[in-house]
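Visitor: coords please:
(one chain, ligands or ions: 1)
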Amino acid sequence: MDVLPSDSLAGKYCLVTGGTAGIGFITARELASRGARVVIVGRNAAKCAASVEAIRRTTGSGAVSVLVGDLSLQRDVRRVAQEYRDGFPRLDVLVNNAGGLYLDRHLSGDGIEMTFALNHLGYFLLTWLLLDLLRASAPARVVNVSSEAHRRIHLDFDDLQCARRYSGFRAYARSKLANLYFTYDLAGRVPASEVTVNALHPGLVSTSFGKNNGMRALLIWAIARWFAISPEEGARTPVYLAASPGVAGMSGKYFIAERPCPSSPVSYDREAARHLWNRSAEMVGA
Ligand SMILES: NC(=O)c1ccc[n+]([C@@H]2O[C@H](COP(=O)([O-])OP(=O)(O)OC[C@H]3O[C@@H](n4cnc5c(N)ncnc54)[C@H](OP(=O)(O)O)[C@@H]3O)[C@@H](O)[C@H]2O)c1
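Guide: All right, here's what the predicted structure looks like:
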């Protein structure tokens, strides 16, 4: 990706979750190459250290650091948010990207279905805990990595954690719809002059996504990789939303390939979004 002078992020602070691999790693690297001070979040300290080293080496930036935490665990999200506050004076861009697909139903350490805990509540709680810092850093940006998987699905508020007839793909699709509800609802709560909030689909991207599911995922990827784009291409839209002056002041939108696109009709249901917000706030004690 070329760095345009207008995309410069010199003096900006960016936090990228899931910055150790795939789309998040390239996003973090590209933001660092634009001059941002970048903090990545990952679960594994050694993998985090290797990723930071790789970003420093390829960008020449020394302004890359790490916070270690499992974002499916609310106590870790709270600690990561606190460590960020303790370590850094402002937050200009938060990229909520860490996510997973779980073909078998797992519970997080908090006893919450894993997909919902990580893909939705992880975004919700981290953003909530850092919102005042984002506002104080205005104009700031929140970038939520969602997916086209959100289409042809709705949330079941009687079964948010997919306890009945679990399907990993359905749980994933619902979590990505939840990302859109969260994006649109938050955009309506915060003035765009302070914080813009947008979501995106990165494309079908050849990463490690889903490979925690053993042979089944490997079989899926054996076919999918023929249609998939590279992580560099997949990171284009998150980087665009994080850095481009072209989206300054634009909020509450869904982007594909650096363009605003309509998301599913269901995703614009304000009642559902408000309901999800309230239920999420209860679940995280916000
Ligand atoms: N790949 C696609 O085709 C595609 C399509 C649409 C949307 N997306 C979305 O893009 C985002 C990134 O996916 P990706 O394809 O880049 O996947 P990936 O290569 O598997 O990377 C996922 C990242 O999330 C981190 N992560 C996973 N579980 C975590 C946890 N419990 N706590 C903290 N960090 C955790 C991983 O860290 P570790 O290093 O610790 O594993 C890794 O850095 C996801 O939100 C996904 O839903 C992907």
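Visitor: can we go C-alpha only for contacts and neighbour counts from here?
Guide: Will do.
Visitor: next SSE downstream of the helix or strand where V66 lies?
Guide: In this assignment (DSSP states H and E), V66 forms part of strand 64-68. For strand 64-68, the following helix or strand on the C-terminal side (DSSP H and E) is helix 74-87.
Visitor: next helix or strand past that next one?
Guide: Once the chain leaves helix 74-87, the next helix or strand it forms, by DSSP H and E, is strand 93-96.
Visitor: C-alpha coordinates for that next one, PDB please?
Guide: Extracted C-alpha coordinates of strand 93-96, given in PDB (Å, rounded to 0.1, in the frame of the first residue of the first chain):
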ATOM      1  CA  VAL A  93      -8.200   5.200  16.500                       C
ATOM      2  CA  LEU A  94      -9.600   2.000  18.000                       C
ATOM      3  CA  VAL A  95      -9.700  -1.000  15.600                       C
ATOM      4  CA  ASN A  96     -11.900  -3.700  17.000                       C
END
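Visitor: after it, which helix or strand is next?
Guide: helix 114-115.
Visitor: check whether that next one contacts the ligand.
Guide: No. Judged by C-alpha under 6 Å from any ligand atom, helix 114-115 stays clear of the ligand, getting no closer than 8.4 Å.
Visitor: now the strand holding V66: average pLDDT?
Guide: Confidence over strand 64-68 (mean pLDDT, whole number) is 98.
Visitor: so what does it touch, helix or strand wise?
Guide: Applying 3 or more C-alpha pairs under 8 Å, 6 or more residues apart in numbering; DSSP states H and E, one finds that strand 64-68 contacts strand 37-42, helix 45-59, helix 74-87.
Visitor: mean neighbour count, these: which tops it?
Guide: Neighbour counts (mean count of other C-alpha atoms under 10 Å) averaged over each of the helices and strands packed on strand 64-68 peak at strand 37-42, with a mean of 25.
Visitor: mind giving me the packing neighbours of that strand?
Guide: strand 13-17, helix 22-33, helix 45-59, strand 64-68.
Visitor: out of the ones you listed, nearest to A235?
Guide: A235 lies closest to helix 22-33 among the helices and strands packed on strand 37-42, at 5.2 Å (C-alpha to C-alpha).
Visitor: circling back to that earlier point, which one of the helices and strands packed on strand 64-68 lies nearest to S8?
Guide: Closest to S8 of the helices and strands packed on strand 64-68 is strand 37-42 (C-alpha to C-alpha; 11.5 Å).
Visitor: would the closest one count as contacting the ligand?
Guide: Yes. Shown here: strand 37-42 in contact with the ligand (C-alpha under 6 Å from any ligand atom) through G42.
Visitor: try stretch 215-225
Guide: No. Using C-alpha under 6 Å from any ligand atom, stretch 215-225 stays clear of the ligand, with a minimum separation of 8.8 Å.
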